[in-house]
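Asker: got a predicted structure here, sequence first:
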Amino acid sequence: MNQIDPVVIVVDDDESFRRSTERLIRSTGLHVQSYPSAIEFLRARRPDAPACVVLDVRMPGLSGLDLQDEMRRAGIDIPLTGHGDIPMSVKAMV
Amino acid sequence: MLVKKFPLPLRRFIGDPSNSRLQEAHSEIVRVARATPLGELAASIAHEINQPLGAIVNNGNACLRLLRTKSWSEVREAIAAIVEDANRASGIIARTRAMFNRSAPAKMQLQLQDVVTDALRLAQGDLAENRIIVLTHLGNDLPSVSGDRIQFQEVLLNLMRNAIEAMSQVPDERRVLRLGCQESELNGKPAVLLTVQDRGGGFSPEEAGRVFDAFYTTKPTGMGMGLRSCLSIAEAHGGRLTASLNSDGPGATFRFLLPAVGQHRKRSNHEPN
């Protein structure tokens, strides 16, 4: 894999849903990495490439919103996109 | 390992202002588990089913793209995943119906202690395999209860199985399962109380509110239907099922309380203990 190619990172605790999201994104020709939890994503080596994270906000342990805070604290500039209700989106953007 | 499926806050059971509940709250019982209101239950069922459905939509859309590039083996994998997820969703629906399908129990007058001895016989293998020490304190002169013997047995087997699992990390000599039957009271009327006590890991204050929730489980492969079903059985019989941490040591005690009916019956001397 070319280091410069953008990568999509999927974080979701439901295995079948995570795999299906990976498959869908891969079918568009993009590279995908996936993690079953926010903790494991944080522990893993960061990609040396432009990346975005697709995550489930409602996960046990570190939630999606907690993950966003963690990444900001660590100085990681990775834009996040996810699904959620409007109050959640506002909280995530602030 | 805690596997939370859907976080639900602690709530009082709607429409239950009974005195016995208030008494429970003031007694030595710490952290009593309660049922969740119907709305939250519906939300958790919806969430469980939306996971496989979402995966099906993703896999289906992936297939439409993959067909264009003729990636046959990936298409095959996606379709297999679709079938598996559809079955998973269908299984959740079937088990959800089973959880609540307690409306017409076959009612008979029976002695709860007899249900306990039957259940112990059925669980003998499981108990022996897990080297559980079983202590029983079954009363001698208890009133009868009215209900479905098989459903009561199911409750007991479920509670015993949970107790065994709770004690799986406990050293052998401390794997004590205590079963008791005694007279009690429910809403000011005579009742029979069945207690199932283990010396396992118990539950945290955070977990206490969720113990009876549908889809809540601490087992890696559990589906979280067992205790919810047991609660439905208790309620269908006008009874109660509660859980609390033991105040005299580790583990938890589950209390299955049923209204008493008819006359007391003395257990005859030749009945096995």
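Answerer: Perfect, I can see it now.

Asker: what is the burial count for B:V57?
Answerer: 15 (other CB atoms under 10 Å in any protein chain shown). From N, CA and C alone the C-beta is placed, and that goes for glycine too.

Asker: just A:V10 next, same as before
Answerer: Around A:V10 there are 23 residues (other CB under 10 Å).

Asker: then B:N50?
Answerer: 13.

Asker: and it, what element?
Answerer: Here B:N50 sits within helix B:38-68, counting by DSSP states H and E.

Asker: mind listing what's buried in that helix?
Answerer: Buried residues in helix B:38-68, counted by 16 or more other CB atoms under 10 Å in any protein chain shown: B:40-41, B:44-45, B:48-49, B:51-56, B:58-59, B:61-63, B:65-66.

Asker: which among those are in contact with chain A?
Answerer: B:51-52, B:54-56, B:58-59, B:61-62, B:65-66 (CB under 8 Å from any CB of the partner chain).

Asker: center of the chain, which residue is that?
Answerer: Using chain A. Centroid-nearest residue in chain A, with CA atoms, centre = their mean: A:V53, separated by 2.8 Å.

Asker: the chain in question should be chain B.
Answerer: Nearest to chain B centroid, counting by CA atoms, centre = their mean: B:L227, 1.3 Å.

Asker: what residues does chain A have near chain B?
Answerer: A:14, A:16-17, A:19-21, A:23-24, A:26-28, A:58, A:60.

Asker: any idea how far the closest residue to B:I45 other than its chain neighbours lies from B:P52?
Answerer: In this structure, B:I45 finds its nearest non-sequential neighbour in B:T96, 5.7 Å apart by CB to CB, 6 or more residues apart in numbering or on different chains. Distance of B:T96 to B:P52, given as CB to CB, to the nearest Å: 13 Å.

Asker: equivalent analysis for B:S144, please.
Answerer: 45 Å.

Asker: same check on B:A191?
Answerer: The value you get for B:A191 to B:P52, if CB to CB is used, is 42 Å.

Asker: low-confidence bits of the stretch 151-273 of chain B, can you list those?
Answerer: B:214-215, B:220-225, B:263-273 (pLDDT under 70).

Asker: helices of that one, residue ranges please.
Answerer: Per DSSP state H, counting those that start in this stretch, the stretch 151-273 of chain B carries helices over the ranges B:205-208, B:226-236.

Asker: hmm, the shortest one touching chain A?
Answerer: No. For helix B:205-208 and chain A, the contact criterion (CB under 8 Å from any CB) is not met; the two come no nearer than 11.4 Å.

Asker: how about that helix: buried residues?
Answerer: Buried, per 16+ other CB under 10 Å, within helix B:205-208: B:207-208.

Asker: can you show me the CA trace of that helix as PDB?
Answerer: Taking C-alpha atoms only, helix B:205-208 is exported to PDB below (Å, rounded to 0.1, in the frame of the first residue of the first chain):
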ATOM      1  CA  PRO B 205     -23.600  -0.400  41.200                       C
ATOM      2  CA  GLU B 206     -23.500   0.500  37.500                       C
ATOM      3  CA  GLU B 207     -24.500  -3.000  36.500                       C
ATOM      4  CA  ALA B 208     -27.200  -3.400  39.200                       C
END
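
Asker: need the contact list for A:V10.
Answerer: A:18, A:21-22, A:25, A:32-35, A:53-55 (CB atoms under 8 Å, 6 or more residues apart in numbering or on different chains).

Asker: at 7 Å what do you get?
Answerer: A:18, A:21-22, A:32, A:34, A:54 (CB atoms under 7 Å, 6 or more residues apart in numbering or on different chains).

Asker: remind me which residues of chain A are low pLDDT?
Answerer: For chain A, the ranges with pLDDT under 70 are A:1-3, A:57-61, A:77-94.
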